[in-house]
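K.L.:
Here's my sequence, what's the structure:
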Amino acid sequence: MQKNIAIIMGGYSSEYIISLQSGDVVYNYLDKDKYNLYKIHIYKEKWVYVDEENIEIPVDRNDFSVTINGIRITFDCVFNAIHGSPGEDGYMQAYFELLRIPITGCGFYQSALTFNKRDLLSTLKPYGIKSAEAYYLNEGDEVNEDEIIAKVGLPCFVKANKAGSSFGITKVMTKDELAPAIETAYNEDDEIIIESFLDGTEVSVGVITYKGEIKVLPITEIVSENDFFDYEAKYLGKSQEITPARIPEEWTEKVAATAKKVYQTLKMKGFSRSEYIFVDNEPYLLELNTTPGLTEASILPQQAEHAGISLSMLFENAIEEALIQKL
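P.N.:
Residues are numbered from 1 along each chain as shown. The predicted structure follows:
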């Protein structure tokens, strides 16, 4: 009997457009002879099932069911394609755990922890995972520009603490640029992380659970045409993403081991994609994404392809891994 799979996409953040693209790709590549697939759009103002004619049917949030032509549909598994809140910060994971519906990817705690850059880096530091020098601000805090610069130096990066796809991030070159950059970050989040500039080679590392085993995918080198890997570089073609990365074998082994250690330390499941910058032959962690982009052009699918894993295989494995967790 075919299982009912809900593909959730959209979300509450600036990343919702990217999420809709990822969700559509998942829908297109999964085997419809094996699964009954339902595209579910999640927004602050509505949760709806969207059919082939773009007709919207409300989702009953009490049990996450939809009623189509008088027939109530429940779901055997949820495929999470929401980037940002509420799909990447733990809320959806906790909701489905309470409903006892399997969801692809990691649990609610890991989602919440990894979505918070400050908490993630602080948690991993005792395990020897290196990261940039950082200064933290919460909205309403007094801003002491001299104190910030004394700690992180210039240039530095001002980032929204809980936002993905490089929204709310600015590279600050001078003291005068600091206040506007902080304001930009506050437009995305009420918490800010200001980090020292790391000058080196940037790489992206995908780690997944595939057929029951933790697998580090081929490393991707990021070469941005812009000052850093910002939104334009990620999604508007202003970067080269070179897989496998043109880095020494020693670096490949070191960053792969580090990424796997992070995955195991945090007791991750499902997809993860983490970014590192090499400084003095050492990888420094920037962030970790638990719901990375899943379009044909996205980094993790590119890495999977180089590892001999097609999009269909990648997505089906995520569902089967989630279903196993329920047993």
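K.L.:
Now do the helices in the stretch 151-300 of the chain.
P.N.:
178-186, 231-235, 249-265, 299-306 (DSSP state H, counting those that start in this stretch).
K.L.:
and those helices as TSV, adding mean pLDDT?
P.N.:
Listed next are those as TSV, based on pLDDT from 0 to 100:
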stretch	mean pLDDT
helix 178-186	96
helix 231-235	46
helix 249-265	98
helix 299-306	97
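K.L.:
For residue 90, which residues are in contact?
P.N.:
Each residue near residue 90 by Cβ atoms under 8 Å, 6 or more residues apart in numbering is listed here: 108-112, 115. (C-beta placed from N, C-alpha, C; glycine too.)
K.L.:
on that earlier part again, need the winner for burial among the helices of the stretch 151-300 of the chain.
P.N.:
helix 299-306 (a mean of 22; mean count of other Cβ atoms under 10 Å).
K.L.:
quick one: the closest residue to residue 99 other than its chain neighbours and residue 75, what's the gap?
P.N.:
Excluding the flanking residues, the one nearest residue 99 by Cβ to Cβ, 6 or more residues apart in numbering is residue 64, at 5.8 Å. Going from residue 64 to residue 75 by Cβ to Cβ, to the nearest Å gives 6 Å.
K.L.:
Neighbours of the residue nearest to residue 99, how many?
P.N.:
Around residue 64 sit 20 other residues, with neighbours defined as other Cβ atoms under 10 Å.
K.L.:
just to revisit the earlier point, list the residues that contact both of residue 64 and residue 75?
P.N.:
6, 101.
K.L.:
could you pull out the helices for the stretch 1-150 of the chain?
P.N.:
16-29, 91-99, 108-115, 117-124, 145-152.
K.L.:
What is the neighbour count of the closest residue to residue 91 other than its chain neighbours?
P.N.:
Nearest residue to residue 91, sequence neighbours excluded (Cβ to Cβ, 6+ apart): residue 85, at 6.7 Å. Counted with other Cβ under 10 Å, residues neighbouring residue 85 total 22.
K.L.:
likewise residue 147?
P.N.:
11.
K.L.:
who's in contact with the residue sitting nearest the centre point of the chain?
P.N.:
Nearest to the geometric centre of the chain sits residue 289, at 2.9 Å (Cα atoms, centre = their mean). Each residue near residue 289 by Cβ under 8 Å, 6+ apart is listed here: 83, 88, 114, 164, 272-274.
K.L.:
is it in a bridge, and if so with what?
P.N.:
residue 273 (DSSP bridges).
K.L.:
and it, what pLDDT?
P.N.:
Looking at residue 289, its pLDDT reads 95.
K.L.:
now it: how far from residue 83?
P.N.:
The gap separating residue 289 from residue 83 is 8 Å, by Cβ to Cβ.
K.L.:
One more: residue 96?
P.N.:
Look at residue 96 and residue 83: by Cβ to Cβ, they are 17 Å apart.
K.L.:
Which one's more surrounded, the two?
P.N.:
residue 83 (29 against 21).
K.L.:
To what extent is the closest residue to the more buried one other than its chain neighbours buried, counted in neighbours?
P.N.:
Closest residue in space to residue 83, ignoring its immediate chain neighbours: residue 15 at 4.0 Å, by Cβ to Cβ, 6+ apart. By other Cβ under 10 Å, 25 other residues sit near residue 15.
K.L.:
Equivalent analysis for residue 127, please.
P.N.:
Neighbours around residue 127, by other Cβ under 10 Å: 12.
K.L.:
Same check on residue 197?
P.N.:
Counted by other Cβ under 10 Å, the residues lying close to residue 197 total 18.
K.L.:
Angles on the backbone of it, please.
P.N.:
With angles defined as degrees, to the nearest 10, residue 197 sits at phi -80, psi 130.
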